[in-house]
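Peer 1: Sequence and computational prediction follow.
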Amino acid sequence: MELKAEIEADGELAARIRAKYTIKNTNGYRLDAFLDGATPVRILRGLMVGSEGTFGFISEVVFDTLPLDRRISSALLLFSSLTAAAAAVPRFNETGAIAVELMDGNTLRASVSVPGVPADWAALPRTTTALLVEFRAADEAGLEAFERSADAVVAGLDLVPAASVTNAFTRDAGTIAGYWKARKAFVTAVGGSRPSGTTLITEDFAVPPARLADACEALLELQSRHGFDAAVAGHAAHGNLHFLLAFDAGKPADVERYDAFMQEFCALVVDRFDGSLKAEHATGRNIAPFLEREWGPRATELMWRTKQVIDPAGVLAPRIVLDRDPQAHLRGLKTIPKVEAVADPCIECGFCEPACPSQDLTTTPRQRIVLRREMMRQADGSPVETGLLDAYGYDAVDTCAGDSTCKLACPVGIDTGAMMKGFRHRRHTPREERIAALTAKNFRVVEASARLAVAAADTVGTRVGDRPLQAVTRLARKAVRPDLVPEWLPQIPGAAARRLPRTDRVGATAVYYPACVNRIFAGPDSRPGLALAEAVVTVSGRAGKPVWIPEDVAGTCCATIWHSKGYDAGNRIMANRIVEAAWAWTAGGTLPLVVDASSCTLGIAEEVVPYLSGDNRALHSELTVVDSLVWAADELLPELTVFRTVGSAVVHPTCSMEHLGDVGQLRALAEACADEVVVPDGAGCCAFAGDRGMLHKELTDSATAKEAAEVGRLPYDAYLSANRMCEIGMERATGHPYRSTLIELEHATRPTVR
């Protein structure tokens, strides 16, 4: 309260504090908390915001939320220059735009590395600047009014034409999502294209919005003059800009160049524009030495005194916001050693982490890459390197589900799963590779033997229980290697029928390929009726779209078995075999190939391609591979009559469905079969991953914990998915029998119940 009184008594200082927050500012401590709060508690609450752990930590938060209007209209507008784009910003602000985002030409060009961003952006002139403008309204009349005002502004602008940009407002959700994906990928897209081995520094600052164009021009000139790739993006409506600096922290000359830039940058923002050195992301270590330059000695000293009052021992996050060392931004810079090419572009942003099945068990994709970089940073044979190598096998390689959902979450598509599969390949002995290749060559015998083994195990389990089988497999795992021998689980179903349904090639509208997992394992016993293959054949015929199962499917596979384990020779053998067979079955691609397991669809459609011979790549390009979900939702459902539905169904979208983009079809089929359909908020990859859930069941236990807890809160009439091994994994996690949505569809559309 003494500090509050001191600030309030200094009229010039109080006015300066108020003026500093007329634009975005998170640099230093929020001294306006002393002006806003009337009690110590309220002052402390204000000071905590942006304090970066230097005053304490927040263990619980209750948010007061604002309504988010659902009706949206957005446009991506291309201008010939930064100046022209900046001049348009106030006009959109005046019309009520909720967002006006800026991307300069280099940002636009770099963002083509992001999946879904139009390729022609790479050819845009460097001077091109984009504004992403968005309006939101609570009702139709409000949105129409916004659009009329916005169209009037656009009509007066001189915009740059581009093949993929209409320079007009749209309400199409997919188009709008694409615009925002490009904008949000600024750091990762531009940072991901940085030179290999360079450290990435991200900064953000703010200037009065009226001076946005001048600030952009000055920043780009400064970046170029100091040898940095010039790129800028930001929240133009608020004069808030973001930029990146990439340099080799291991080279003194590069560090000197970085220091020279920072000195000039801070002088530019403070002295020329009276701006904020940090607009959104708080001071950190990088701007701490320049805090006094922005705030002046009087205000900075008050910040030091505030820190002393709250944390007199200085134990909370020391030297993060306040640091008297003028070279603090150069202390402890992290080098970025080169690693495998697939992961080298990683800027360690962490977008991948929430999607990773092993995030709560061992490591995330980001941690796998960081640990790999630390190995490369260490001297050969050092204790740290030895310890990392010892732990990496299990913590990173073995417990990676290999589902590559990290690739979907990564703005630049880094596939850490592919890197782990590469490591699995590298640790195989020549003998193991030969055995894997021999298994692929003789897969017809292997498949039949596997079906017999499952049937025998099921018989043994029925008679004496699962414990003897579990004991035998655990001994085998110890004798061989846990990552090679699966453990018997009680949830493993019995063997599938030896014979597939009879079908006729004449009149078939598609070739139906029952995946090997569905040829080996039976479906769940919870629903009296047909097995999956029978259900697909029956419901296809019922819709007037009969399918044909080739007589020689035995001995073929999508090759995922070998691909996921890193057995390249076996993968190559089976990949070429399935493509040659599929090309013959489909009459050279004349008919679509319908696959009844989403992971196998993905395997045949995409993952086999790198392992194909040149001739077989040409054959593959003629194939149309269709997931059974897409076949049923798009081709069959419109021709079917639903006679009965269950009350409720919970569905599990698999990671392969996410890759294939057919989660919508899964939901559509479930909604046809149930009155209420729930996709759990915690739904994610189950990490069963073919047999990985039997190799490391703790991985599936961890990956499914949140989803299983959510599913267990309420009873459902049906538990649905579309991949047999994922269904086994979810049954093990929840205790409920998951089955294929196509089996449920057959039951729902059956004229009479058997």
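Peer 2: That came in fine, so what should we check first? Note that this is a predicted model, so its numbers are computed, not measured. Residues are numbered from 1 along each chain as shown.

Peer 1: got the contact list for the residue nearest to residue 99 when sequence neighbours are not counted?
Peer 2: Excluding the flanking residues, the one nearest residue 99 by Cβ to Cβ, 6 or more residues apart in numbering is residue 134, at 4.4 Å. (Glycine included, C-beta is placed from N, CA and C.) Residue 134 is in contact with 72-74, 97-99, 176, counting by Cβ atoms under 8 Å, 6 or more residues apart in numbering.

Peer 1: By neighbours, which of those residues wins?
Peer 2: residue 97 (26 neighbours; other Cβ atoms under 10 Å).

Peer 1: next one: phi and psi at the residue positioned nearest the centre of the chain?
Peer 2: In the chain, the residue lying closest to the centroid (Cα atoms, centre = their mean) is residue 409, at 1.1 Å. Torsion angles at residue 409 (phi, psi; degrees, to the nearest 10) stand at phi -80, psi -30.

Peer 1: Relative to residue 687, how far out is it?
Peer 2: 15 Å (Cβ to Cβ, to the nearest Å).

Peer 1: Tell me, please, where in this structure the pLDDT is lower than the cut-off.
Peer 2: In the prediction, the chain carries residues with pLDDT under 70 at positions 454-495, 523-529, 753-754.

Peer 1: Please report how far residue 725 lies from residue 682.
Peer 2: Distance from residue 725 to residue 682, by Cβ to Cβ: 20 Å.

Peer 1: So between these two, which is more surrounded?
Peer 2: Ranked by neighbour count (other Cβ under 10 Å), residue 725 and residue 682 place residue 725 first, with 24 against 13.

Peer 1: Confirm that the more buried one lies within a helix, as I assumed.
Peer 2: Yes: according to DSSP: H, G, I helix; E, B strand; the rest coil, residue 725 belongs to a helix.

Peer 1: In contact with it: list those residues for me.
Peer 2: Residues in contact with residue 725 (Cβ under 8 Å, 6+ apart) are 517, 597, 599, 688-691, 693.

Peer 1: Ok, residue 543 next?
Peer 2: Per Cβ under 8 Å, 6+ apart, neighbours of residue 543: 635-637, 639-640.

Peer 1: Backbone dihedrals for it, both of them.
Peer 2: As for residue 543, its main-chain torsions (degrees, to the nearest 10) stand at phi -90, psi 0.

Peer 1: which stretch of helix or strand covers residue 77?
Peer 2: strand 71-79 (DSSP states H and E).

Peer 1: Quick one: residues in contact with that strand.
Peer 2: With Cβ under 8 Å, 6+ apart, strand 71-79 has contacts from 85, 88, 124, 128-140, 142-143, 146-147, 150, 154, 157-162, 165-171, 173, 175-176, 179.

Peer 1: hmm, back to that, buried members of the contacts of residue 543 into PyMOL, please.
Peer 2: Under the burial definition 16 or more other Cβ atoms under 10 Å, those of those that qualify are selected in PyMOL by:
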select buried, resi 635+636+637+640
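
Peer 1: thinking again about what came up before, please identify the buried residues of the following helix or strand past the strand holding residue 77?
Peer 2: Heading C-terminal from strand 71-79, the first helix or strand you meet, by DSSP H and E, is helix 82-94. Within helix 82-94, the residues that count as buried by 16+ other Cβ under 10 Å are 82, 84-86, 88-89, 91-92.

Peer 1: Repeat that for stretch 664-672.
Peer 2: 665-672.

Peer 1: which residues are contacting that stretch?
Peer 2: Counting by Cβ under 8 Å, 6+ apart, 627, 629-630, 632-634, 637, 640, 642, 645, 649, 651, 653, 657, 677, 679, 718, 720-722, 741-742, 744-745, 748 sit against stretch 664-672.

Peer 1: The same query, at a cut-off of 6 Å, please.
Peer 2: 629-630, 632-633, 637, 642, 649, 651, 653, 677, 720, 741, 745 (Cβ atoms under 6 Å, 6 or more residues apart in numbering).

Peer 1: Check stretch 344-356 too.
Peer 2: 188, 191-192, 196, 200, 338, 359, 364-366, 369, 405-406, 409-410, 412, 414.

Peer 1: Can you select the buried ones from those in ChimeraX?
Peer 2: Here is the ChimeraX command that selects the buried residues among the contacts of stretch 344-356 (16+ other Cβ under 10 Å):
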select :188,191,192,200,359,364,365,366,369,405,406,409,410,412,414
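
Peer 1: Of the contacts of stretch 344-356, which belong to helices?
Peer 2: Judged by DSSP state H, the contacts of stretch 344-356 include 188, 191-192, 365-366, 369, 405-406, 409 as members of helices.

Peer 1: how far does the strand holding residue 77 sit from the chain's center?
Peer 2: With Cα atoms, centre = their mean, to the nearest Å as the basis, strand 71-79 stands 25 Å off its chain's centre.
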